[in-house]
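**Student:** Fold the following, please.
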Amino acid sequence: MRILLFTGKGGVGKTTLAAATAAALAGRGRKTLVVSTDPAHSLGDAFGTSLGAEPSEVDIRRDGTPAGLWAAQVDSRALADRTWHELRAELRKVLAGAGLDVLDAEELTVLPGVDELLALSEVRRLASQGPWDTVVVDCGPTAETLRLFSLPEAVSGYLGRVFGNRRVAASVRQLGAHLDALRELLTDPRVTTVRLVLTPERVVVAEARRTLTSLALRGIAVDGLIANRLMPAPGFWRGSAAKWLRTRRDQQDAVLAELAEAGFGPGELARVEHRASEPVGADALTELARELYGSRDPLSGNGKPVTPLLSVADGEDGFRLRVALPLNRDSAVELARVGDDLAITVDGFRRLVALPETLRPCRITGAESDADGLVVSLAGNRESG
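**Tutor:** Coordinates of the predicted model:
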């Protein structure tokens, strides 16, 4: 089973490219499900059909046989209405039984982002219960997606702090185990990778680069970037329209050149030209996928091995901890020790990373950045310094 997640700033065309990728995979003989967690509910528009919460076939061959492509649209609000209230009532009962005031128990069971968490859980359910070889997920815009990816760890930590080692209802234990399974699913690069879609505009690229850093902090592998809606080169055309096209394409090429200087060259960044007509329906999406992937396997991504978030080497006076993060020259980075964890904050995105056991008695003596991320120097016993 492979899960491929598409995300990007709103309006960059990620839904269309997710649908095209799913169509290409099905065309290669893989049983493929494409599912959307985007509240915009536009996946059905890409296929030119209406979709429901359960998978339905969206591509039929000309001879009337199934083509191996299914699609579904997750309705997170309906999931919350259907499943969360019962569990919340049990959580409230457990907390009240532990001695908390009824009002405090009520407030503690309000979990921000529960809709997104349930949507992610539904993707896992659909992936595990169907005959699919591959599941392609059309996620929401990057801000919502980053929050979505952080929720399993955040809510799991919340439950741990609230309940500790208390005996709790089976449903609460099941929720904790479920959250751990979701986190493992997201951070296993053999199963799950992210493909980031952008348009060649500086504002969009800036957000994409921040997204890459945040995903790396979460331990989620990105296997490629796609630059969508590249203006066609006008060649030797003349006139005002050709001048406009030439100016716009030059601007886009300048942005792509900056990306190449930052390490996102042709092998890292696929390109798709802007089309005169919107690709709607399986045939048009398959044609788009040919431009995007050619003869390559759509699951191959950039073909690079996944770099572990943390790696440790001996230093002059102790250890050097490398944190593999794609950083910009102007990235704002903060480091702090929180118990046995290293709190890393980059451009407002924060994560507690458990230090390897060898480094837990050490204190931080310095940090620097290079092309491959952060290098943190540690030495001695942090309690003695």
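
**Student:** and stretch 336-350, how far apart are its ends?
**Tutor:** Stretch 336-350 has its terminal residues 11 Å apart, counting by Cα to Cα, to the nearest Å.

**Student:** list the buried ones in it?
**Tutor:** Neighbour counts over stretch 336-350 (16 or more other Cβ atoms under 10 Å) mark 342, 344, 346-347, 349 as buried. C-betas here are computed from N, CA, C, even on glycine.

**Student:** quick one: low-confidence parts of this protein?
**Tutor:** Applying pLDDT under 70 to the chain flags the ranges 60-66, 80-115, 155-176, 178, 381-385.

**Student:** That one: helices as residue ranges?
**Tutor:** 14-27, 43-47, 76-79, 85-97, 102-108, 114-129, 142-163, 170-186, 202-218, 240-261, 282-293 (DSSP state H).

**Student:** and Thr37, which of those is closest to it?
**Tutor:** helix 114-129 (4.3 Å; Cβ to Cβ).

**Student:** In that closest one, which residues are buried?
**Tutor:** Buried residues in helix 114-129, counted by 16+ other Cβ under 10 Å: 114-124, 126-127.

**Student:** before we move on, back to that, JSON lines for the buried residues of stretch 336-350, including distance to Ala270?
**Tutor:** What follows is the buried residues of stretch 336-350, written out as JSON lines (distance: Cβ to Cβ, whole Å):
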{"residue": "Leu342", "distance to Ala270": "34"}
{"residue": "Ile344", "distance to Ala270": "30"}
{"residue": "Val346", "distance to Ala270": "26"}
{"residue": "Asp347", "distance to Ala270": "25"}
{"residue": "Phe349", "distance to Ala270": "25"}
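
**Student:** Just give me the closest of those residues to Ala23.
**Tutor:** So of the buried residues of stretch 336-350, ranked by how close each gets to Ala23 (Cβ to Cβ), first place is Phe349, at 33.3 Å.

**Student:** who's the closest one bridged to?
**Tutor:** Val346 (DSSP bridges).

**Student:** What distance do you get for it to Val205?
**Tutor:** Plainly put, Phe349 is 17 Å away from Val205 if you go by Cβ to Cβ, to the nearest Å.

**Student:** Then Gln251?
**Tutor:** As judged by Cβ to Cβ, Gln251 and Val205 stand 12 Å apart.

**Student:** same question, Leu25
**Tutor:** For Leu25, the distance to Val205 - Cβ to Cβ - is 27 Å.

**Student:** Now flag whichever of the buried residues of helix 114-129 is closest to Leu186.
**Tutor:** Leu120 (8.1 Å).

**Student:** Mind splitting this structure into its structural domains?
**Tutor:** Split into domains by automatic domain parsing, the chain comes to 2-77+111-293, 310-379.

**Student:** ok, back up a step: for Ala67, state which of the buried residues of helix 114-129 is nearest.
**Tutor:** Comparing the buried residues of helix 114-129 against Ala67 with Cβ to Cβ places Leu126 closest, at 18.7 Å.
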